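**Student:** Here is my input, please return the structure:
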Amino acid sequence: MIFDCDGVLVDSERIAARVQVALGAELGWPLTEVEVVERFIGRSHAAIRGLVADRLGEETAATWSDRFEQLHREAVDTALAPVEGLPEALDAITLPTCVASSGSHDKMRHTLGRTGLYERFAGRIYSASEVAHGKPAPDLFLHAARRMGVAPAACAVVEDSGPGVRAARAAGMRAFGYAGGLTPAERLEGPGTTVFHDMRELPALLAGR
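**Tutor:** I've put the predicted structure just below:
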């Protein structure tokens, strides 16, 4: 069982979207929350920085990246919580679990640590920084499966973004698209994908009930 981190374990995507909208207004790329979800959510820090550089240049992209890390960390320290229903779902899931996220290890140590979830996954946390291509490429999920010693076809992935569910499908894994966050359900739908809205539903869905 492979969990994405932001928006699946910790309710951080709303924070990230607010910060990205504010930075866009400050640095010259006005963005709505919907546009941030479409362009940025589910993608790695490096991929987002590349999009900003293409639009505003490398210097502004560097400033944007640094400011995002600072503002995101400050907001996480004051407002971050686990995704609603997530702790109860984890308590009911008996399958081996891990985390595979576009975020860096430093970021995950911070967000998972702030929400009391880090110890649940310690030693089984994988980052896009460990592979050549981030989501929507399948590399990260295949890497996690190898490290866990499980065949891709035997894995299930819980994701909340379009790039994430596409990466799971590309890896040959069953995908569960969590539509209780910012990404509309229709952006998660596709072959081999079960879309759900409440994290407390997940244990029964995994059991096929």
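**Student:** What's the local residue count around the closest residue to residue 203 other than its chain neighbours?
**Tutor:** Setting aside the residues directly before and after it, residue 203 is nearest to residue 92 in space (C-beta to C-beta, 6 or more residues apart in numbering), at 4.0 Å. Just so you know, the C-beta spots here come from the backbone N, C-alpha and C atoms, and that holds for glycine as well. Residue 92 is flanked by 13 other residues according to other C-beta atoms under 10 Å.
**Student:** So which other helices or strands are in contact with the longest helix that the chain contains?
**Tutor:** In the chain, with assignment by DSSP state H, the single longest helix is helix 58-79. Applying 3 or more C-beta pairs under 8 Å, 6 or more residues apart in numbering; DSSP states H and E, one finds that helix 58-79 contacts helix 13-27, helix 45-56, helix 105-114.
**Student:** in the shortest one, what's buried?
**Tutor:** To tie it back to what came earlier, the one meant is helix 105-114. Using 16 or more other C-beta atoms under 10 Å as the test for burial, helix 105-114 gives 107-108, 110-112, 114.
**Student:** Need those in JSON lines (columns: distance to residue 172 and pLDDT).
**Tutor:** Below are the buried residues of helix 105-114 laid out as JSON lines (distance: C-beta to C-beta, whole Å; pLDDT from 0 to 100):
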{"residue": "107", "distance to residue 172": "28", "pLDDT": "90"}
{"residue": "108", "distance to residue 172": "25", "pLDDT": "95"}
{"residue": "110", "distance to residue 172": "32", "pLDDT": "92"}
{"residue": "111", "distance to residue 172": "28", "pLDDT": "94"}
{"residue": "112", "distance to residue 172": "27", "pLDDT": "96"}
{"residue": "114", "distance to residue 172": "34", "pLDDT": "93"}
